[in-house]
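*Asks:* Return atomic coordinates for the entry below.
(one chain, ligands or ions: 1)
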Amino acid sequence: MAQAVEGQTQALIELLRGHERLLVLSHSNPDPDSLASAVGLRLLAERKAEIPSEFGFTGRIMRAENREMVRSCEIEMTPMDELDISEFDCIALVDTQPGFGHTHLPEGRRIDIVVDHHLPPENPVEFSAPEFNDIRTFVGATSSMVAGYLMDAGVEIPQNVATALIYGIRTDTADLSRNVSPLDEKCYDHLIHLADRQALSKITCPDLSPDYFRTLREALTNTRIYNDVILCSLGKIGAPEMVAEVADLLLRLEGNQTVFCGGLVGTTYYISVRTELERDAYYLIRGAFGGEGSYGGHGRIAGGSVALPDEDERTLNRLERRLERNILKTMGVDGVTVKCFGGLRE
Ligand SMILES: [Mn+2]
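*Replies:* Below you'll find the predicted structure:
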């Protein structure tokens with residue numbers, strides 16, 4: 001039985017065979033699912049169409065897990081601005097679609113291939129439809145869709161690619177605990193026998209920099225707990241990823257909470273929201289920002305940012321006081337004892 005919609009894998013291979021050089025792109029700051037999807041599609045192009053390819057990326061990879069994934073799975077990638085787009089006669093987009101805000105597309109170029117599992121954008125932009133357009137929103141990870149093509153085509157999957165695909169599936173499905181489809185399970189079962197399990201364990205639990213622990217200390221000192229609302233300010237930090245990471249960590253405090261974690265990178269203030277309560281995180285972050293900044297999210301997770309006029313400590317403090325007021329109002333918190341994990345306020 002085919003892992004893709006009947007005939008799709010063959011159609012994709014035929015399309016690749018009709019071209020000479022493939023450029024694979026994804027959303028900026030690529031996550032494990034998009035990294036693995038890109039690697040898998042490049043393998044298909046190499047093995048079944050014998051065409052060379054590149055993976056062009058925008059943004060950065062900051063999370064220690066993702067950096068370890070790139071290192072141990074030997075993922076080759078080139079910053080988009082170092083690539084000459086005119087050298088490619090075929091462009092593929094994985095784990096995203098034209099029209100998504102976090103996706104930079106080369107201007108004036110047609111996208112030939114789209115493989116994704118996200119809901120299409122609400123306001124579709126004007127672009128010519130890709131020749132190959134495989135969007136299956138019920139699949140947990142784009143990595144599974146790409147693994148499905150490889151399995152359909154009988155491609156032998158090398159260990160590093162299998163490891164990447166497994167990690168892509170695991171991160172997008174929270175270890176097969178949510179958004180899982182039979183395709184994800186089937187691909188996982190197939191790939192786990194091919195993957196490097198030691199590498200997987202290292203990716204899941206990577207080495208962390210002294211900077212990480214410094215930020216963590218700062219985070220724990222500057223956490224305030226109002227009933228079921230946890231506020232955390234990281235102050236000035238090196239990368240926005242830490243905001244999300246600390247928010248995830250604080251959510252693990254026993255009981256059900258909503259976490260707001262913020263930090264300043266340059267003159268941009270980032271916030272991550274995580275909630276285990278009933279209300280949608282999107283409305284919570286909207287309330288926190290009170291008309292400032294830009295934000296997005298749904299379900300349990302939301303994030304956003306505000307641009308500040310300068311890096312001045314006072315500007316930062318004023319913003320954080322404003323946000324705190326908005327948050328406590330949005331969460332209906334008043335007159336409660338503030339707790340923290342240490343320091344004077346305990
Ligand atoms: Mn994905």
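
*Asks:* check which helix or strand covers residue 304.
*Replies:* strand 301-307 (DSSP states H and E).

*Asks:* In that strand, which of the residues would be classed as buried?
*Replies:* 301, 302, 303, 304, 305, 306 (16 or more other CB atoms under 10 Å). The C-beta positions use only the backbone N, C-alpha and C, and glycine is treated the same way.

*Asks:* Show me what secondary structure element comes after it.
*Replies:* Sequence-wise, the next helix or strand downstream of strand 301-307 (DSSP H and E) is helix 313-330.

*Asks:* Name every strand pairing with the helix or strand following that next one and say which way it goes.
*Replies:* Following helix 313-330 in sequence order, the next helix or strand is strand 338-339 (DSSP H and E). Strand 338-339 pairs in its sheet with strand 223-226 (antiparallel), by DSSP bridges.

*Asks:* Contacts made by the strand it pairs with with the rest, please.
*Replies:* By CB atoms under 8 Å, 6 or more residues apart in numbering, the list of residues contacting strand 223-226 from outside reads 230-232, 250, 253, 257, 328, 331, 333, 336, 338-341, 345.

*Asks:* In ChimeraX, how would I select the buried members of the residues you listed?
*Replies:* The buried residues among the contacts of strand 223-226 can be selected in ChimeraX (16+ other CB under 10 Å) with this line:
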select :230,231,232,250,257,328,331,340
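
*Asks:* which residues does residue 176 contact?
*Replies:* Taking CB under 8 Å, 6+ apart, one finds 140, 169, 170, 184, 185, 188 in contact with residue 176.

*Asks:* Apply 10 Å and report the result again.
*Replies:* 140, 141, 169, 170, 184, 185, 188 (CB atoms under 10 Å, 6 or more residues apart in numbering).

*Asks:* With adjacent residues omitted, what lies nearest to the second one?
*Replies:* Nearest in space to residue 141, with sequence neighbours left out and distances taken as CB to CB, 6 or more residues apart in numbering, is residue 172 at 3.9 Å.

*Asks:* How much space separates that neighbour from the ion?
*Replies:* Distance of residue 172 to the ion, given as CB to the ion, to the nearest Å: 4 Å.

*Asks:* what's around that residue, how many residues?
*Replies:* By other CB atoms under 10 Å, 26 other residues sit near residue 172.

*Asks:* OK, contacts around it?
*Replies:* Residue 172 touches 31-34, 36-37, 95, 117, 139-144, 178-180, 184, counting by CB under 10 Å, 6+ apart.

*Asks:* how about low-confidence regions in the stretch 51-200 of the chain?
*Replies:* The stretch 51-200 of the chain contains residues with pLDDT under 70 at 123-127.

*Asks:* Which residue ranges of it form helices?
*Replies:* Ranges of helices in the stretch 51-200 of the chain, per DSSP state H, counting those that start in this stretch, are 64-72, 142-152, 159-172, 182-192, 197-204.

*Asks:* Could you tell me which residues of this protein lie near the ion?
*Replies:* Residues of the chain found near the ion (CB under 5 Å from the ion) are 33, 95, 142, 172.

*Asks:* farthest pair in the residues you listed?
*Replies:* 95 and 172 (8.6 Å; CB to CB).

*Asks:* shared neighbours, these two?
*Replies:* With CB under 10 Å, 6+ apart as the test, residue 95 and residue 172 both reach 31, 32, 33, 34, 36, 37, 117, 141, 142, 143.

*Asks:* wait, isn't the second one in contact with residue 143?
*Replies:* Yes. Under the contact definition of CB atoms under 10 Å, residue 32 touches residue 143, with a separation of 8.0 Å.

*Asks:* any idea how far residue 104 is from residue 56?
*Replies:* 10 Å (CB to CB, to the nearest Å).

*Asks:* Common neighbours of these two, please.
*Replies:* By CB under 10 Å, 6+ apart, residue 56 and residue 104 have these common neighbours: 25, 80.

*Asks:* And these two? Which one has more around it.
*Replies:* Neighbours per residue (other CB under 10 Å) separate residue 56 from residue 104, with residue 56 holding more: 22 against 15.

*Asks:* Beta-bridge partners for that one, please?
*Replies:* Legend: beta-bridge partners of residue 56 under DSSP bridges are residue 25, residue 78.

*Asks:* Quick check: it touching residue 21?
*Replies:* No. Between residue 56 and residue 21 there is no contact under CB under 10 Å: 12.0 Å.

*Asks:* so what sits against both of these two?
*Replies:* In contact with both residue 56 and residue 21: 88, 91, using CB under 10 Å, 6+ apart.

*Asks:* Could you check how many residues crowd around the nearest residue to residue 192 once chain neighbours are set aside?
*Replies:* The shortest distance from residue 192 to any non-neighbouring residue, by CB to CB, 6+ apart, is to residue 166 (6.1 Å). If you count neighbours by other CB under 10 Å, residue 166 ends up with 28.

*Asks:* Thanks a lot, see you next time.
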